[in-house]
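Q: requesting a structural model of the entry that follows:
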Amino acid sequence: MMTALLSPTWVTMPDLIFREVMLMVGIGNLECLHRCRQVCTDWNEKIITIIWDNSRNTRIITSSIEKTWAANLEVFPRRFPSSNEEKFHFANLEVFPWTFPSNEEISHFKWLETRGIIIRLLVSLRERIKNILRKPIPFNSFLVIPCAASLAYHGLLGSVDFISLSDMDLTSVPTKHLNSLVSSVTGTVHIACVRGCDLISVFESIKSQKLLIFKQRIGREETQALMRAMESSVEFVILGSDVVLNIRALSEYSGQGKCRQLQAGGRYYGKKAVKYRKELKSWARSRDWEMNINEFTMLVITAVQT
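A: Residues are numbered from 1 along each chain as shown. Next up is the predicted model:
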């Protein structure tokens, strides 16, 4: 295949024919056009000059991209499934999993942006994803997380108010992408029953004001990473009664860091009694923090205002 591509007929192709061929390739698939640039130095230079440095040809390809994704990104549904519905059809989903750009496509969008070529679709895509992430519904997060993480990694997402990583396998999401997404959250990060990811790096990447953790088993090193997040960035932490962690590692929190309130257990966030009640109370007394039980039977530990 490579031999055929590099044959004299292809290498010496007239610029006019080369331009038309590459335009068709770019309109069909940006990844294929990118691979054509990798065939040889001559092709790379010609594609950049004839396609990307030419405003007309650039406009033809970017317009095609925008039309394709505008058709793929479906309109938000007016209704979500109610709790008593036995079946929920995909027709009611906000978007379908195959309607989001892949990481390869997003990386190409980023490359175009560095050349001053703006894909207007990115604005609507970014807002669509942020709107989905604001809704704490598991299937929304599951469908959008890979694309959102890729956008965040390439610096195309911006800040996010809320994200829910709930009951999902994140193996397919590169660690750097996931960390970029988590670090973009300014409001609340919700973690529950996730697998296939490095929780240490996730906790170390968190910069949000609130962190909610449920149905999660957290080892000693992960708990230490959580404690460091409490020292440096997270102001409010909720630990559901079904969370298992290393209480000794958590007790290393100085009480002088960013975190000023810790809530644990309670019937609203879990059926079991507050875990580590004795240890948490002992820690609170040693740091002169206030303690009380709220209306959800959660143990609330708060730093005393000075």
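Q: burial count for Asp288?
A: For Asp288, the count of nearby residues is 10 (other C-beta atoms under 10 Å). Bear in mind the C-beta positions are built from the backbone N, C-alpha and C, glycine included.
Q: tell me how far it lies from Glu31.
A: Counting by C-beta to C-beta, to the nearest Å, the gap from Asp288 to Glu31 is 59 Å.
Q: now swap in Arg115 and tell me
A: For Arg115, the distance to Glu31 - C-beta to C-beta - is 17 Å.
Q: more neighbours, these two?
A: Comparing Arg115 with Glu31 by other C-beta under 10 Å, the one with more neighbours is Glu31, at 14 against 11.
Q: ok, the more buried one touching Glu105?
A: Yes - using C-beta atoms under 8 Å, Glu31 is in contact with Glu105, at 7.0 Å.
Q: okay, now the unreliable bits of the stretch 1-150 of the chain?
A: Along the stretch 1-150 of the chain, segments meeting pLDDT under 70 span 1-12, 69-99, 136-142.
Q: kindly recompute the last result at 50.
A: Low-confidence segments of the stretch 1-150 of the chain, defined by pLDDT under 50: 1-4, 75-98, 138.
Q: the stretch 201-306 of the chain: helices as residue ranges?
A: With helices called from DSSP state H, counting those that start in this stretch, the stretch 201-306 of the chain shows them at 220-232, 247-250, 277-286.
Q: for these, which one sits closest to Arg56?
A: Ranking the helices of the stretch 201-306 of the chain by proximity to Arg56 (C-beta to C-beta) places helix 220-232 first, at 50.3 Å.
Q: residue boundaries of the strands in the stretch 151-300 of the chain?
A: With DSSP state E, counting those that start in this stretch as the criterion, the stretch 151-300 of the chain has strands at 160-166, 185-192, 210-214, 236-239, 261-264, 290-293, 299-302.
Q: the biggest helix by length in the chain - contacts with which helices or strands?
A: The longest helix of the chain (DSSP state H) is helix 55-72. Secondary-structure packing of helix 55-72 (3 or more C-beta pairs under 8 Å, 6 or more residues apart in numbering; DSSP states H and E): helix 15-28, helix 30-37, helix 121-133.
Q: buried stuff in the longest one?
A: Think helix 15-28. Under the neighbour-count criterion of 16 or more other C-beta atoms under 10 Å, helix 15-28 has Phe18, Arg19, Met22, Leu23, Val25, Gly26, Ile27 buried.
Q: now the first one: how far from Leu30?
A: Counting by C-beta to C-beta, the separation of Phe18 from Leu30 is 18 Å.
Q: can you pull up the most central residue in this structure?
A: Centroid-nearest residue in the chain: Ala149, 3.3 Å away (criterion: C-alpha atoms, centre = their mean).
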